[in-house]
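Chemist: starting from these lines, generate the structure:
(2 chains)
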Amino acid sequence: MTLTAGAAEVGAPVTAASDDVPTIEPRAPRLWWRLVLLIFGAVVFLFPFYYMIVGSLQKTANTTLSGIVPQPGNITLHNYGQINAALSLGRAIINSGIFTGGVLLGTLVLGILAGYALAQLRFRGRGLLFGFMLLMLMVPFQLLIIPLYVIIVRNYGLGNSYLGMIAPFAINSTAVFIFRQYFLQVPQELFDAARIDGANELRVLTRIALPLVRPAVLTAMLLTFIGPWNEFLWPLLITKQQNLEPLAVALGNYISTSSGVATNPYGAIMAGSFVLALPAVALFVIFQRYFQTVNIGSAVKG
Amino acid sequence: MTSITAPRPKVPPLEGELRPGARPSRRQWLTRAAFGRNPIGMIFGAPYALFIALLFAYPLSLAVWISFHSYFFAAPGVSVPRPFVGWANYTAVLTDPAVRQSFVNIGIFLVINVPLTVMLSLLLATALNAAIPFRTFFRTSYYVPYVTASVATIGVFLFILSPSGIFNHVLGPLAPVPSWLVNQNWAMPSVAIYVTWKGLGFFILLYLAALQNVPDELYEAAKVDGASWWHRLRAVTIPGVRQVTTLVSLLAIITGANLFTEPYLLTAGGGPDGKSASPVWLIYESGIEQNHPDFASALGVLLVILVLLISAGVWLLQRRQA
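Modeler: Sure thing, here's the model as predicted:
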C-alpha cells in the first residue's frame, strides 16, 4: 500500500474483471447479473432513507403502498415544525456540534501526537502505551459505563456538562491506530534529513509527516465524527437537562416517551431522523473517496 | 523501519539529540537509558497515556472493585458503608434468569447475523469487484446505513415495522400477530436483521479490500483448469478472504453483547418480556435505573473477560491458519 492510496480512487482498473479484456464477450451476461444484484442491494439500503424523507413530509401518516410515492395533497413541512417545537432542534444540533467538535479536536491534536510518537519515536513506555491502545480497541466502551458514570458524575461532578460528555471519547483510539499505521509508512530518510537540518520533533511532525498523511487524517476524522454524532448511551446517561441533550438523545427520548402528543408522531420522528442523519450522510458522500477499502483494510489488518 | 541501522560511514545514529560527529556525553547516555532515544515521545504520548489511565484503566479497575462490594448510589455527600461481599454479585449475575435470557438472545442474534452478514457482504463485494457502471454510487449507498445514527434508522424501522406499517401492508395476511417488534418470537430476529442491514456496508468494504488482494493468477489458473464459478468461489475466493470472515464473526459477537440503542428504542426496553434484552441493556437497567451498580459491574467485568477471551481465541485461530 502506498501513501497516496487513500486519495487515489480505487477504480475499475484494479479489479479482476478488467484484466481479461479480450474475453469480454462471454462476460457480458455476467455483468447484467452483477448489475441486477447491485441495484437490488442499493434499493434495500436506500429505501429506508427515501421512506424517511417521504414520511417526514406526510400530513397524515400513509402506511399503505400508495404512501411510497408522495401524494400532492398530503405534503407538508408541519412535521419539521412539530419536532422543532418538541426538541428545540437548534439547541440539540448545537449540543451535538459541541460534543462532536470536542472529540474531533482532542483526536486531531492529541491523537496525532500519540500516533506519531507510537510510530516514529523510541521512548520508554512505548510498548506499554501501544498495548493499552490495542486493549482499548478491543474492550467495548459500553461495558464500562457504570464505573465511568461513578467517576465522571459522582467523583468529578461532571454530570450535565459538555466536558463530562466528551471525556470518555476525547481521543479516539481507532484514529490513533490509523495515524500510527500511516506514520510508519513515511520513509525514515525524510525524517532523518529534517533532523540533520536541526528541526525539532514538533516541526518534523507538522511540516513533514502531517502533509504526507493528509488522506489518513481525513479518513480518521470521518470515522471519529460518526462516533459522538451518533452516540446515544453515554450522553443519555450524563444529561439530565433537556438543554444539554445532543440531537440523538433528544430524538431518542422523543421516540420513547412523548411522541404520542404529536398529530402525526411518525411524521415528526421521520423529520427528526432526517435532520440527525443528514450531516453524517452528507459528509461521507462528499468525502467518499477518503473512506476507501484501502484505508479500512490497512487499519484492520494492522 | 530498519533503514537507520544500516552502517553508514560518516553519520552515526541520528535519533535523539545527537549531532553528527558528537560523542554521547555521560549525561546524554543516562537520559537515553532512562527515557529511551527520543524522550520527547513521552511528552507527545503523555496526553493519550493520561486519557487511557483516567478513562480506561481506572474505570476498569473500579468496575472490578465495585463488583466485589455491596454498592449503591447514595445521595451526594452521604457516606455509606460498602462492605466486601466476595463473589456474591457474580453468583447473583450467573443465576439471574434475565441474564440467561439475554445470552440466549445474543445466541439468536449471532445465528441470524453472522451467516447473513458473511453471505450477503461477500456476495455484494464480489459483484462490486469488477469494472461496473456507477460503482462509486453502489459502494457509497451500501455504507450509508453504517454511518447513520442508530436513533435515526431505528426511527424509520419503527415506522416500517409498526403493526399497521408498510411492511405488514405488503405481507397482508402473512404478517405476524402481534407485529414484529412486540412479538415474543420475532422481536430478537427483527433486531438481528436490522443490525445486519445497518452494518453490512462496513463488511462489504472489508471483503472488497480482501478480494482485491487475492492474486488474479489464482483465478486464471483455476479457469485454465476448467473450474466452474462455484469451484472458483470455494477454492480461491473463500480461502482468500478467510481473515475477514473471522473478523466478521468476532465483531458480531462484540456487537451482540453491546446492543443497547436497539433494545432501548426499537423494542421499547428489551421487550416483549425481556425477549430482546442484551447484556448492555441489562447493565443499564440494573445499574442505573434500579440502582444496583454492583450487580451491573459484575456483569460488565464478566463480559470484558469474555470479549478478551474470544478475541484471543480468534487471534490464535487466525495465526494457526496463516
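Chemist: pLDDT weak spots in the stretch 201-322 of chain B?
Modeler: Confidence mapping of the stretch 201-322 of chain B against pLDDT under 70 gives the ranges B:321-322.
Chemist: try 90
Modeler: Counting by pLDDT under 90, the stretch 201-322 of chain B contains low-confidence ranges at B:205-206, B:209-258, B:266-274, B:307-308, B:310-322.
Chemist: how about the residues of it by chain A?
Modeler: Selection of the stretch 201-322 of chain B residues close to chain A by CB under 8 Å from any CB of the partner chain yields B:201-202, B:205-206, B:208-214, B:216, B:219-220, B:243, B:247, B:254, B:257-258, B:260-261, B:264-265, B:268, B:280, B:283-284, B:287-288, B:293, B:296-297, B:300, B:303-304, B:307-308, B:311. (Each C-beta comes from the backbone N, C-alpha and C, glycine too.)
Chemist: which among the residues you listed count as buried?
Modeler: The neighbour count (16 or more other CB atoms under 10 Å in any protein chain shown) marks B:201-202, B:205-206, B:208-212, B:214, B:219, B:243, B:247, B:254, B:257-258, B:260-261, B:264-265, B:268, B:280, B:283-284, B:287-288, B:293, B:296-297, B:300, B:303-304, B:307, B:311 as buried among these.
Chemist: please flag which of those sit within helices.
Modeler: B:201-202, B:205-206, B:208-212, B:219, B:243, B:247, B:254, B:257-258, B:261, B:280, B:283-284, B:293, B:296-297, B:300, B:303-304, B:307, B:311 (DSSP state H).
Chemist: the stretch 51-200 of chain A: helices as residue ranges?
Modeler: Chain-ordered helices for the stretch 51-200 of chain A, with DSSP state H, counting those that start in this stretch as the definition, fall at A:78-87, A:89-106, A:112-120, A:126-138, A:145-149, A:162-166, A:173-185, A:188-196.
Chemist: lowest average confidence across those helices, which one?
Modeler: Set side by side, the helices of the stretch 51-200 of chain A show their lowest mean pLDDT on helix A:188-196, which sits at a mean of 82.
Chemist: need the residues that contact the very next helix or strand once past that one.
Modeler: Along the chain past helix A:188-196, the next helix or strand (assigned with DSSP states H and E) turns out to be helix A:201-203. Outside of helix A:201-203, the residues that reach it under the criterion CB atoms under 8 Å, 6 or more residues apart in numbering or on different chains are A:121, A:194, B:38, B:40, B:44.
Chemist: among these, which are in strands?
Modeler: Among those, no residue falls in strands (DSSP state E).
Chemist: quick check: phi and psi at the residue nearest to the spatial centre of chain A.
Modeler: The C-alpha lying nearest the average C-alpha coordinate of chain A belongs to A:I226 (CA atoms, centre = their mean; 2.3 Å). Backbone geometry at A:I226, expressed as degrees, to the nearest 10, gives phi -70, psi -20.
Chemist: where's B:R135 relative to A:Y50, distance?
Modeler: In this view, B:R135 and A:Y50 are 21 Å apart by CB to CB, to the nearest Å.
Chemist: neighbour count: these two, which is higher?
Modeler: Each of B:R135 and A:Y50 has its neighbours counted (other CB atoms under 10 Å in any protein chain shown); B:R135 has more, 18 against 12.
Chemist: mind listing what's buried in stretch B:214-229?
Modeler: Buried residues in stretch B:214-229, defined by neighbour count with 16+ other CB under 10 Å: B:214, B:218-219, B:222-223, B:227.
Chemist: and stretch A:92-110, by the same measure?
Modeler: Per 16+ other CB under 10 Å, stretch A:92-110 contains these buried residues: A:92-93, A:95-96, A:98-100, A:102-104, A:106-108, A:110.
Chemist: same check on stretch A:114-128?
Modeler: By neighbour count with 16+ other CB under 10 Å, stretch A:114-128 contains the buried residues A:114-121, A:123-126.
Chemist: make TSV out of the residues you listed and add distance to B:F159.
Modeler: Written out in TSV, the entries for the buried residues of stretch A:114-128 read as follows (distance: CB to CB, whole Å):
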residue	distance to B:F159
A:A114	43
A:G115	42
A:Y116	46
A:A117	48
A:L118	45
A:A119	47
A:Q120	51
A:L121	52
A:F123	54
A:R124	56
A:G125	52
A:R126	51
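Chemist: show me which pair in those residues is furthest apart.
Modeler: Taking CB to CB, the two most distant members of the buried residues of stretch A:114-128 are A:G115 and A:R124; they sit 18.2 Å apart.
Chemist: got phi/psi on A:V213?
Modeler: Here is the backbone geometry of A:V213 (degrees, to the nearest 10): phi -110, psi 20.
Chemist: my error: substitute B:F68 in the last question.
Modeler: In terms of degrees, to the nearest 10, the main-chain angles of B:F68 are phi -100, psi 10.
Chemist: isn't it right next to B:V85, touching?
Modeler: Yes: counting by CB atoms under 8 Å, B:F68 does reach B:V85; the two are 6.7 Å apart.
Chemist: run through the stretch 151-300 of chain A and note the low-pLDDT ranges.
Modeler: A:154-157, A:159, A:181-182, A:184-216, A:219, A:240-242, A:256-267, A:287-300.
Chemist: ok, and does the longest helix anywhere in chain B reach over to chain A?
Modeler: For chain B, the helix with the greatest residue count under DSSP H is helix B:97-128. Yes: applying CB under 8 Å from any CB, one finds helix B:97-128 in contact with chain A at B:123-124, B:127-128.
Chemist: any buried residues in that helix, and which?
Modeler: Neighbour-count burial for helix B:97-128, counted by 16+ other CB under 10 Å, picks out B:99, B:101-102, B:105-106, B:108-110, B:112-114, B:116-118, B:120-122, B:124-128.
Chemist: helices or strands up against it?
Modeler: Where contact means 3 or more CB pairs under 8 Å, 6 or more residues apart in numbering or on different chains; DSSP states H and E, helix B:97-128 is packed against helix A:28-56, helix B:135-147, helix B:187-212, helix B:242-258, helix B:279-284.
Chemist: just put those in TSV and tack on distance to B:P178.
Modeler: TSV is the format used below for the helices and strands packed on helix B:97-128 (distance: least, CB to CB, whole Å):
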stretch	distance to B:P178
helix A:28-56	22
helix B:135-147	26
helix B:187-212	10
helix B:242-258	24
helix B:279-284	21
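Chemist: looking at those helices, which is closest to B:F72?
Modeler: Between B:F72 and the helices and strands packed on helix B:97-128, the shortest gap by CB to CB is with helix B:279-284, which sits at 15.0 Å.
Chemist: tell me which other helices or strands the closest one touches.
Modeler: Taking 3+ CB pairs under 8 Å, 6+ apart as contact, the helices and strands that helix B:279-284 lies on are helix A:145-149, helix A:233-238, helix B:97-128, helix B:242-258, helix B:293-321.
Chemist: residue in the stretch 201-322 of chain B nearest to chain A?
Modeler: Each residue of the stretch 201-322 of chain B has a distance to chain A, by CB to the nearest CB, and the smallest belongs to B:A209, at 3.3 Å.
Chemist: quick one: that residue from B:S121, how far?
Modeler: Computed as CB to CB, the B:A209 to B:S121 distance reads 12 Å.
Chemist: check B:L60 too.
Modeler: 33 Å.
Chemist: which residues touch A:F232?
Modeler: A:248-249, A:252, B:149-151, B:260-261, B:264.
Chemist: repeat that with 10 Å
Modeler: For A:F232, the contacting residues are A:246, A:248-249, A:251-252, B:149-151, B:154, B:260-261, B:264-265, by CB atoms under 10 Å, 6 or more residues apart in numbering or on different chains.
Chemist: and which of those is nearest B:L317?
Modeler: Ranked by distance to B:L317 (CB to CB), the contacts of A:F232 are led by B:F260 at 28.3 Å.
Chemist: dump the buried residues of stretch B:214-229 into a markdown table; add distance to A:L143 as well.
Modeler: Supplementary listing: these in a markdown table, determined by distance: CB to CB, whole Å:
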| residue | distance to A:L143 |
| --- | --- |
| B:V214 | 36 |
| B:L218 | 41 |
| B:Y219 | 43 |
| B:A222 | 45 |
| B:K223 | 48 |
| B:A227 | 46 |
